[in-house]
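# the sequence and its predicted three-dimensional model are supplied below.
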Amino acid sequence: MLKIQATEGGHAVGIRSIPERTKDHRDMPQLRQRQGPHRVHYAPQAWREVGRMTAETFHALQQVLERLGDPALREPQAANGLVARHVVPQHGLELEYAWDERSRTLTLLGLARVPNEP
């Protein structure tokens with residue numbers, strides 16, 4: 001038997017015995033690769049622009065960056081590691097970004113102001 005002690009805040013809250021055979025990786029459930037969440041990195045130039053935004057515009061930006069994690073919504077050149085653009089006309093923004101599939105990271109390289117859509 002393998003004993004595992006659970007702690008919370010430095011205090012023991014319980015000990016659980018686990019049969020030795022579960023240590024064999026073949027008995028453990030296998031995790032499937034999934035799209036899941038991705039990281040967002042802000043380049044310094046983009047971060048400066050974020051500091052000038054209203055809370056409403058920043059919230060919209062966060063939603064767009066979250067959706068750009070979906071390969072169906074990204075520009076094709078972003079999948080090849082090239083710089084891509086995405087316009088958010090409701091808030092008068094044009095995003096310049098890059099995608100790294102290996103690390104699942106979207107890098108916001110820059111933000112430009114464009115005329116708002118009426």
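Everything's here; your move.

# let me know the helix or strand that residue 62 is in.
Following DSSP states H and E, one finds residue 62 within helix 55-67.

# in this structure, what residue spans correspond to strands?
Listed in chain order, the strands of the chain (DSSP state E) span 2-8, 11-18, 39-42, 84-88, 93-100, 105-113.

# buried ones in the longest one?
So that's strand 105-113. By 16 or more other CB atoms under 10 Å, the buried positions in strand 105-113 come out as 106-111. Any C-beta I mention is one placed from the backbone N, CA and C, and that applies to glycine too.

# what residues sit buried inside the helix holding residue 62?
Buried residues in helix 55-67 (16+ other CB under 10 Å): 57, 60-61, 64-65.

# which of the residues you listed sits closest to residue 73?
residue 64 (9.1 Å; CB to CB).

# hmm, the closest one is touching residue 95, no?
Yes - assessed by CB atoms under 8 Å, residue 64 is found in contact with residue 95 at 6.9 Å.

# shared neighbours of these two, anything?
Counting by CB atoms under 8 Å, 6 or more residues apart in numbering, the contacts common to residue 64 and residue 95 are 86, 88.

# what bits of the chain have low per-residue confidence?
Within the chain, the segments meeting pLDDT under 70 span 1-36, 117-118.

# try 80 this time
1-36, 77-81, 116-118 (pLDDT under 80).

# show me what contacts residue 75?
Per CB under 8 Å, 6+ apart, neighbours of residue 75: 84-86.

# picking up where we left off before, distance to residue 42 added to the buried residues of strand 105-113, as a markdown table?
Converted to a markdown table, these look like this (distance: CB to CB, whole Å):
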| residue | distance to residue 42 |
| --- | --- |
| 106 | 10 |
| 107 | 8 |
| 108 | 5 |
| 109 | 9 |
| 110 | 10 |
| 111 | 9 |
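
# how about stretch 66-79, which residues are buried there?
By neighbour count with 16+ other CB under 10 Å, stretch 66-79 contains the buried residues 68-69, 74, 78.

# and the end-to-end length of it?
Terminal residues of stretch 66-79 lie 16 Å apart, using CA to CA, to the nearest Å.

# for the buried residues of strand 105-113, which one is nearest residue 51?
When those are ranked by distance to residue 51 (CB to CB), residue 111 comes first, at 10.7 Å.
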